[in-house]
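J.: only geometry, no sequence info:
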């Protein structure tokens, strides 16, 4: 691909100055730069949101695949040692 030589670039700049004026060109450059920056920001925000959603989906999937942890089984009341009836305090 052939690039523009310096004379062609000079001619393009001259025509732009004739059409828009020397005061208007910096304003147009700033507005174009702001538009490009806004476009890049929106694209990167969209990619970051997509990545965050993907990460959340992966975490949810991993949690769903892990078996649920069960609490330890409670000891039945009959298996618990009972005090000797003679050792109990009796209130009269």
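T.: Looks like it arrived, so ask away. Just so we're clear, the structure is a prediction, and the values are computed from it rather than from any experiment. Residues are numbered from 1 along each chain as shown.

J.: give me the neighbour count for residue 53.
T.: Close neighbours of residue 53, defined as other Cβ atoms under 10 Å, add up to 10. (C-beta placed from N, C-alpha, C; glycine too.)

J.: switch to numbering from 34
T.: I'll keep to 34 as the first residue from here, and by that count the last item is residue 86.

J.: distance check, it against residue 93.
T.: Summarising the geometry, the distance separating residue 86 from residue 93, computed by Cβ to Cβ, to the nearest Å, is 11 Å.

J.: center of this structure, which residue is that?
T.: Taking Cα atoms, centre = their mean as the criterion, residue 85 is the residue nearest the geometric centre of the chain, at 3.5 Å.

J.: angles on the backbone of that residue, please.
T.: Taking degrees, to the nearest 10, you get phi -60, psi -40 for the backbone angles of residue 85.

J.: what do you get for residue 82?
T.: phi -60, psi -40.

J.: distance from the chain centre to the helix or strand residue 91 falls within, please.
T.: Using DSSP states H and E, residue 91 falls within helix 57-98. Per Cα atoms, centre = their mean, to the nearest Å, the displacement of helix 57-98 from the mean C-alpha position of its chain is 9 Å.
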